[in-house]
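**Q** Predicted model follows, preceded by the sequence.
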Amino acid sequence: MPFELTLRAATPLTPLPTIEEVLPEFLRQIGYLPEGPDGRSGDGPVRETIAYRLVRECLLKDPNKPWYPEELVAVLGAAKASVYRHLNKLKSLDLLEEVDGVADGKGRKGYRLRYGNLARAWDFTEANAQNALKRYRETVDHLQTLIDAAIRSAGTAAAPVKSPSREKR
């Protein structure tokens with residue numbers, strides 16, 4: 001699964017005093033919850049969405065517990081496809097880890113917050129983001145080298161681009 005994180009300049013949420021204020025905004029900032037006036041695309045408060053409840057009522061409430069999809073379906077009262085969609089989004093952020101387990105005699109995969117701790121899980125996400133930015137930098141440097149070589153081979157120096165003149169009104 002590809003790593004995917006939304007990056008945007010944002011003020012730290014440190015002045016906000018409660019989890020219920022910080023968590024939804026943080027989840028919007030990183031691209032887990034959709035943008036919108038209440039962080040959701042449908043009706044009702046964000047705290048009632050499957051996406052939010054999965055994080056708040058399950059993963060953060062008991063971060064060391066392996067949560068099995070069938071269990072999440074029952075706890076959240078959601079369709080299995082919806083639960084998997086949100087699990088996959090959290091996995092793409094590298095916040096979750098798969099845990100092998102046997103429950104009811106069946107070999108199943110459970111999911112839990114990576115390392116059982118949000119701050120430690122975020123360390124992993126942050127390292128992936130830094131690696132992605134480093135690869136972008138390598139590509140940009142390579143592209144600039146190719147541009148410079150093309151300009152030299154054409155025998156022209158890069159001329160400054162003039163902006164169109166604006167008429168005074």
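**A** Looks like it arrived, so ask away.
**Q** Contacts made by the lowest-mean-pLDDT helix or strand in the chain with the rest, please.
**A** Sorted by mean pLDDT, DSSP states H and E, the helices and strands of the chain end with strand 96-103, the least confident at a mean of 80. Counting contacts by Cβ atoms under 8 Å, 6 or more residues apart in numbering, the residues outside strand 96-103 that touch it are 59, 66, 68, 87, 90, 107-115, 121. (Each C-beta comes from the backbone N, C-alpha and C, glycine too.)
**Q** can you tell me which of those residues are in helices?
**A** Using DSSP state H, the subset of the contacts of strand 96-103 located in helices is L87, L90, A121.
**Q** among the residues you listed, who's most crowded?
**A** For these, neighbours were counted using other Cβ atoms under 10 Å, and A121 has the most, 22 neighbours in all.
**Q** from memory that residue sits against Y115, does it?
**A** Yes: using Cβ atoms under 8 Å, A121 and Y115 qualify as a contacting pair, with a distance of 5.8 Å.
**Q** Report pLDDT for T6.
**A** Reported pLDDT at T6 in the predicted model: 83.
**Q** Sorry, wrong one. I was asking about N131.
**A** Predicted confidence (pLDDT) for N131: 95.
**Q** Same check on E167?
**A** E167 is assigned a predicted lDDT (pLDDT) of 54.
**Q** ok, for L113, nearest residue in space, not its chain neighbours?
**A** Distance criterion Cβ to Cβ, 6 or more residues apart in numbering; nearest residue to L113, sequence neighbours excluded, is P63 at 4.2 Å.
**Q** which residues does the one you found contact?
**A** R112, L113, G116, N117, L118.
**Q** quick one: which of the residues you listed is nearest to A9?
**A** Of all these, L118 has the smallest distance to A9: 21.7 Å, by Cβ to Cβ.
**Q** Quick check: that closest one touching L60?
**A** Yes: contact between L118 and L60 holds when scored by Cβ under 8 Å: they sit 6.9 Å apart.
**Q** quick one: which of those two has more around it?
**A** Summary of the neighbour comparison: L118 and L60, criterion other Cβ under 10 Å, with L118 having more neighbours (17 against 13).
**Q** Output stretch 149-156 in CSV, but only the C-alpha positions, please.
**A** Extracted in CSV, the C-alpha atoms of stretch 149-156 (Å, rounded to 0.1, in the frame of the first residue of the first chain):
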residue,chain,number,x,y,z
ALA,A,149,22.0,20.4,-20.2
ALA,A,150,19.2,21.1,-22.8
ILE,A,151,19.8,24.8,-22.5
ARG,A,152,23.6,24.4,-23.0
SER,A,153,23.1,22.0,-26.0
ALA,A,154,20.8,24.5,-27.6
GLY,A,155,23.5,27.1,-27.3
THR,A,156,21.3,29.6,-25.6
